[in-house]
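[1] Make a model of this:
(chains A, B, C and D, ligands or ions: 4)
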2 protein chains.
Amino acid sequence: MAIDFHSSIKTLNLKVTPKRLAILDILASEMAYVSPEEVWRKMKERFGKIGLPTVYRNLEDLAQGDLIIKIIHPDRKLYYYFCHNSENGHHHHFICLTCRKVEDLDFCGLEEIKKEVEGHLKGSIVSHLIQVYGLCRGCKQ
Amino acid sequence: MAIDFHSSIKTLNLKVTPKRLAILDILASEMAYVSPEEVWRKMKERFGKIGLPTVYRNLEDLAQGDLIIKIIHPDRKLYYYFCHNSENGHHHHFICLTCRKVEDLDFCGLEEIKKEVEGHLKGSIVSHLIQVYGLCRGCKQ
DNA sequence: AGCTAAATGAAAATTGTTTCTAATTATAAA
DNA sequence: TTTATAATTAGAAACAATTTTCATTTAGCT
Ligand SMILES: [Zn+2]
Ligand SMILES: [Zn+2]
Ligand SMILES: [Zn+2]
Ligand SMILES: [Zn+2]
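    Residues are numbered from 1 along each chain as shown, chains lettered A, B, ... in the order given. Ligands and ions are numbered 1, 2, ... in the order given. Next comes the predicted model:
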């Protein structure tokens, strides 16, 4: 069952443009995080001509509306990811250092950490970053 | 008891230069994370003349050697922090987005995650990154 | 003191991202 | 279906943080 990108975009009160649909389509067909530049390359294959700023803007808008996930990578570049299980609730990802495949992790220690931050430190959490790097089943051999 | 920066640097097989000692001294006297540019300003007060690349290089090298911590900030700029409890074993940090204070977190869910990755995904973990951002006790009001 | 590899400073380059403006396009009203 | 209008886009340029290059200096050894 294909995802209804058209109405997803409408929900955000954004116009349904071919560029936006294509960006969602491209991301949804990737198993890995992708950089804006990589999205741009794929967009050029489809449209011939497309500006990099358009890609950046749309990725940002779509992430703002929670249609895609924005990743602040330790390399301090932006990456975006379409998580097919985003209805399954909050989770993180295991990233293969070799083939870049991304796999879902069910466990998120945030509850424990929240207890610590709110209980002991008397602070409040705004966001958190949990990333696990390694070798996937295939790349491990 | 002051920390023996001199031998800390030696351990990394780096030369003990006045610049490196000063950088460690500056970071260790801060209770918050600081940007390379801020370190540079403080360095200029001490040395009069010092290049920004030197600051960047040394911060990176010292972080590489685990003498200081590199902060992955949501604003995607670099920050560094001297953790006074680094001998207390592996831990992560809570980072205040307002006042830049850093506090230790005891909890690290790596064991659970390892179970998931090795058991279910049949992969292996190489490294992990956990940082929690929010408002500290004081900044929460 | 003298040697050598490492560290530094200064300028310039690079990189990823954002801003600007004018032209185009999606949407909804007529 | 046309028209109005507000959002979207392309292209160029700007931008800021960080990194590279390379000539000079310095730390750590003999
Ligand atoms: Zn893999
Ligand atoms: Zn989480
Ligand atoms: Zn604070
Ligand atoms: Zn950990």
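[2] Surely A:I69 is in contact with A:H90?
    No - taking contact to mean C-beta atoms under 8 Å, the distance of 10.9 Å between A:I69 and A:H90 leaves them out of contact. Bear in mind the C-beta positions are built from the backbone N, C-alpha and C, glycine included.
[3] Looking at these two, which one has more neighbours?
    More crowded of A:I69 and A:H90, by other C-beta atoms under 10 Å in any protein chain shown: A:I69, with 17 against 8.
[4] Got phi/psi on the more buried one?
    phi -110, psi 130 (degrees, to the nearest 10).
[5] And what about the closest residue to ligand 2 within chain A, helix, strand or coil?
    Closest residue of chain A to ligand 2, C-beta to the ion: A:C108 (3.4 Å). At A:C108 the chain is in coil, as set by DSSP: H, G, I helix; E, B strand; the rest coil.
[6] Just give me the neighbour total for it.
    Based on other C-beta under 10 Å, the number of other residues close to A:C108 is 17.
[7] so what's the residue in chain A sticking out farthest from the centre scoring on pLDDT?
    The C-alpha centroid of chain A is most remote from A:H120, which lies 31.9 Å away (C-alpha atoms, centre = their mean). Note on A:H120: pLDDT of 94.
[8] ok, now the one 4 residues further on?
    According to the prediction, A:S124 has pLDDT 96.
[9] For A:I72, which residues are in contact?
    A:78, A:129, B:72, B:74, B:76 (C-beta atoms under 8 Å, 6 or more residues apart in numbering or on different chains).
[10] now do 10 Å
    Taking C-beta atoms under 10 Å, 6 or more residues apart in numbering or on different chains, we find A:I72 in contact with A:78-79, A:127, A:129, A:131, B:72-76, B:131.
[11] So is the biggest strand by length in chain A next to chain B?
    Using DSSP state E to define each element, chain A has its longest strand at strand A:124-135. Yes - using C-beta under 10 Å from any C-beta of the partner chain, strand A:124-135 reaches chain B at A:124-135.
[12] I'd say A:S86 and A:I69 touch.
    Yes - A:S86 is within contact range of A:I69, at 7.5 Å (criterion: C-beta atoms under 10 Å).
[13] who does the closest residue to A:C108 other than its chain neighbours bridge with?
    Of all residues not flanking A:C108 in the chain, A:H92 sits nearest, at 5.6 Å (C-beta to C-beta, 6 or more residues apart in numbering or on different chains). With DSSP bridges as the criterion, A:H92 is bridged to A:L105.
[14] And for A:H92, the neighbour number?
    21.
[15] so what's the closest residue to chain B within chain A up against?
    Ranked by C-beta to the nearest C-beta, the top residue of chain A for proximity to chain B is A:G109, at 3.0 Å. The contact partners of A:G109, taken as C-beta under 10 Å, 6+ apart, are A:92, A:116, A:128, A:130, B:92, B:105, B:107-113, B:130, B:132.
[16] How much space separates the residue farthest from the centre of chain A from B:L97?
    19 Å (C-beta to C-beta, to the nearest Å).
[17] got it, and A:S7?
    Taken as C-beta to C-beta, the span from A:S7 to B:L97 is 35 Å.
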